[in-house]
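>>> Structure for this input, please:
(one chain, ligands or ions: 2)
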Amino acid sequence: MKIKNIILTKIFDSRGEPTLEVTLIAYDGTRGVAQVPSGKSRGSNEASVVPFDHAKRALAGFMPIMRRMNFASPMVFDKFLIARDATPDKHRLGGNLMLGLSFAFARAMAAEKKQELWELLEEYYFSTKSMASRPARPMIFSNLINGGVHAATNLAIQEYIAVAKPIGTPTEMVASVIELYREVGNAVRRRTKLRRLPLGDEGGYAIDFQSNIVPLEIIAASIKKLRFDNTFSLAIDAAASEFFKNNKYYFEDKQLSSAELAEVYGSYFHRIPSLMSVEDPCSENDAKGFGLVHARLSDAWIIGDDLTVTNADRIARYIDDGLITGVIIKPNQIGTLSETCEAIATAQKRGARVIVSHRSGETEDTAIIHIAKACAADAVKIGAPAHERLSKFNEYIRIFS
Ligand code: PEP
Ligand code: MG
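Ligands and ions are numbered 1, 2, ... in the order given. Modelled structure (predicted):
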């Protein structure tokens, strides 16, 4: 595919932070548009994010060369970007610019081939043979109560997640998530004098609680009340890098060691039987702590996010070391579509779980749902069914129905 023009637009994400939209126009006039999200609880090994003006200058610098080339595939295009940048953290071009270009290229190519984005991704990155035993549809991880740096409240744990299993039609599944979200809202409202509940960055309810386990108890009780026991489980994202300082976890007025924190999680999993998954239970600088949690919770999903940052080498190392059993995949942590798909394939080859995830600062871009379909992911993590996050829920319905 030959590129005629690229338009870079400064837009704003759901947190009001500036971000990028890329419109790529091919020679035959087909277009691909991509919007880049942004994270707040970022891993320190994520790809660099550069300001808009930097991205604009960087693009202008290689636009003439790019116009002269003919890119045969998304892989060839991404390789070109990676070579132009030539830095380990993508700070020359910016991981945000590279991701926008990478996705806009794939979208334009899909449009040229009259394909859905997921069909193109499946064709180029995921062989259908190895997918025979993979789930037909991902679970939905929906973050209903927000804490940590996503909310101005007293919760150390960042995300309290309802996990919808792929039972019934996609529309029925999303309707159940919405019903549960409302019921949890009623239960949370009864604990406050507020008529309108404050929401965190991902659309979950954001108030103070007596302790970090109470939100799990509330969601579990709401699931029971709605008789959703067979269709929902629970998960947490501790995002523990955010409350780890001087080798201690600052948790509910205490300073805990990794072993003590692993005991806290152990008690949560014991008291809440439907709890199935914990993401970033320890800091990105405490890989050993992940091992302790894994040993304590042998049946749970132990998921890396800040620890693994969608980087194939880190994912391979931490799965092979037995520290995690699954990974969060966030394309903007690594900066290109090809490297995102390589990270997924690395995890899947090792039998680890794959959860394709949004960021706290989101746009209406729905590419993550297409990635989840193409790779037959175990789950998508897309926040509460509200506001800008609904675009992901609705795309889930559209492409899985
Ligand atoms: C997360 O930690 O999983 C998350 C989605 O938050 P952020 O985008 O702020 O990293
Ligand atoms: Mg996380």
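>>> For the residue in the stretch 151-300 of the chain positioned nearest to ligand 2, report the pLDDT, please.
Residue nearest to ligand 2 within the stretch 151-300 of the chain: Asp237 (4.3 Å; CB to the ion). From N, CA and C alone the C-beta is placed, and that goes for glycine too. Reported pLDDT at Asp237 in the predicted model: 98.
>>> So it is in contact with Pro281, correct?
No: the criterion here is CB atoms under 8 Å, and Asp237 misses it with Pro281 at 9.2 Å.
>>> Between those two, point out the one with more neighbours.
Pro281 (31 against 28; other CB atoms under 10 Å).
>>> For the closest residue to the more buried one other than its chain neighbours, grab phi and psi.
Once flanking residues are discounted, Pro281 sits nearest to Val293: 4.4 Å by CB to CB, 6 or more residues apart in numbering. When read as degrees, to the nearest 10, the backbone of Val293 gives phi -60, psi -40.
>>> Give me the neighbour count for Val293.
26.
>>> ditto for the one 5 residues further on
Each residue near Ser298 was counted by other CB under 10 Å, and the total is 8.
>>> do you know how far it is from ligand 1?
Separation of Ser298 from ligand 1 (CB to the nearest ligand atom, to the nearest Å): 23 Å.
>>> now do Glu339
For Glu339 relative to ligand 1 (CB to the nearest ligand atom), the value is 18 Å.
>>> Report the secondary structure state of that residue.
What DSSP: H, G, I helix; E, B strand; the rest coil gives for Glu339 is helix.
>>> for it, what are its contacts?
Asp78, Ile82, Thr310, Asn311, Ala312 (CB atoms under 8 Å, 6 or more residues apart in numbering).
>>> What of Leu297?
Ala262, Tyr265, Gly266, Phe269, Val278.
>>> so which strand or helix has the second one?
The secondary structure element spanning Tyr265 is helix 258-271 (assigned by DSSP states H and E).
>>> neighbouring contacts of that helix?
Residues contacting helix 258-271 (CB under 8 Å, 6+ apart): 213, 216-217, 236, 238, 240, 249, 251, 254, 256, 275, 278, 281-282, 286, 288-289, 292-293, 295-297, 300.
>>> And those residues, which of them are buried?
213, 216, 236, 238, 240, 249, 251, 256, 275, 278, 281-282, 286, 289, 292-293, 296-297, 300 (16 or more other CB atoms under 10 Å).
>>> In helices only, show me those.
Cross-referencing the buried ones among the contacts of helix 258-271 against helices under DSSP state H gives Leu216, Gly289, Leu292, Val293, Arg296.
>>> Could you give the bridge partners of Glu279?
Beta bridges link Glu279 to Asp237, Ile303, judged by DSSP bridges.
>>> Tally up the residues packed near it, please.
28.
>>> separation between it and Phe71?
35 Å (CB to CB, to the nearest Å).
>>> still on that earlier bit, for ChimeraX, write the selection for the buried entries among the contacts of Leu297.
This is how ChimeraX selects the buried members of the contacts of Leu297, with burial counted by 16+ other CB under 10 Å:
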select :262,265,269,278
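>>> Now the helix holding Tyr265: buried residues?
Residues of helix 258-271 classed as buried: Ser258, Leu261, Ala262, Val264, Tyr265, Tyr268, Phe269 (neighbour count, 16+ other CB under 10 Å).
>>> I'd like to check the angle between it and helix 287-296, please.
With axes from the mean of the first three to the mean of the last three CA atoms, to 10 degrees applied, the angle from helix 258-271 to helix 287-296 works out at 30 degrees.
>>> quick one: average pLDDT of helix 258-271?
In this model, helix 258-271 has a mean pLDDT of 98.
>>> could you dump that helix to CSV, C-alpha only?
The C-alpha trace of helix 258-271 is given here as CSV (Å, rounded to 0.1, in the frame of the first residue of the first chain):
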residue,chain,number,x,y,z
SER,A,258,5.1,-9.0,49.9
ALA,A,259,4.4,-12.1,52.0
GLU,A,260,1.9,-10.2,54.2
LEU,A,261,0.2,-8.7,51.1
ALA,A,262,-0.1,-12.2,49.6
GLU,A,263,-1.9,-13.2,52.8
VAL,A,264,-4.3,-10.4,52.4
TYR,A,265,-5.1,-11.6,48.9
GLY,A,266,-5.4,-15.1,50.2
SER,A,267,-8.0,-14.0,52.7
TYR,A,268,-9.9,-12.1,49.9
PHE,A,269,-10.0,-15.2,47.7
HIS,A,270,-11.2,-17.3,50.7
ARG,A,271,-13.9,-14.9,51.7
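>>> Appreciated, that's everything.
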